[in-house]
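1. structure here, sequence nowhere to be found:
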């Protein structure tokens, strides 16, 4: 079994429908399959970042082969620091929205880049390149839109869906303005495929 993600998160691949206040994914040409084993391990890293648990971050980064465990202290610390930074949207309370309009995470992660490039002993897993391209595109889009996103609630739901064998059925439409914190200020977001599922 596999999970799928659209890896080209750029504005041209979405259509906003003002009448229904929804955002719909249009282009599935850059869709990539990920094994559920990879997804599970990756979500464990994300969860560790969300929980601010540096020991678990290191453990799951080694399990996922982002790190070997033999890196320099500088590399390990830079990796943990980067994880804490990109985990900030998921570290809020479950009922809170993360304000992407007020973050400088790209500058802070970029400042760690030299140490991570210099002291890296192994390339990241192949799957990570397209996934990180997608996630960085989504984060940058949220920053540009100054979006407030209930990222932790979405992560908790994804973790629950993975555990229940329902990964890929996550519906974002419930996070509209009628349910509390919206994906953007006052607008709903719904990314759906032909069958109505993400």
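-> Great, that's in hand. Note that the structure is predicted; figures quoted are calculated from it, not measured.

2. you'd agree residue 38 is up against residue 125?
-> Yes. The pair formed by residue 38 and residue 125 meets the contact definition of C-beta atoms under 8 Å, at 7.2 Å. All C-beta spots, glycine's among them, are computed from the backbone N, C-alpha and C.

3. which residues are in contact with each of the two?
-> Residues touching both residue 38 and residue 125 (C-beta atoms under 8 Å, 6 or more residues apart in numbering): residue 64.

4. show me the strands in this protein, by range?
-> All strands of the chain, identified by DSSP state E, fall at 2-6, 14-17, 22-25, 31-35, 98-99, 148-149.

5. tabulate these (JSON lines), appending distance to residue 53 and mean neighbour count.
-> What follows is the strands of the chain, written out as JSON lines (distance: least, C-beta to C-beta, whole Å; neighbours: other C-beta atoms under 10 Å):
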{"stretch": "strand 2-6", "distance to residue 53": "23", "mean neighbour count": "17"}
{"stretch": "strand 14-17", "distance to residue 53": "33", "mean neighbour count": "12"}
{"stretch": "strand 22-25", "distance to residue 53": "32", "mean neighbour count": "17"}
{"stretch": "strand 31-35", "distance to residue 53": "23", "mean neighbour count": "15"}
{"stretch": "strand 98-99", "distance to residue 53": "18", "mean neighbour count": "18"}
{"stretch": "strand 148-149", "distance to residue 53": "22", "mean neighbour count": "22"}
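
6. so for residue 141, which of those strands sits nearest?
-> Between residue 141 and the strands of the chain, the shortest gap by C-beta to C-beta is with strand 14-17, which sits at 8.7 Å.
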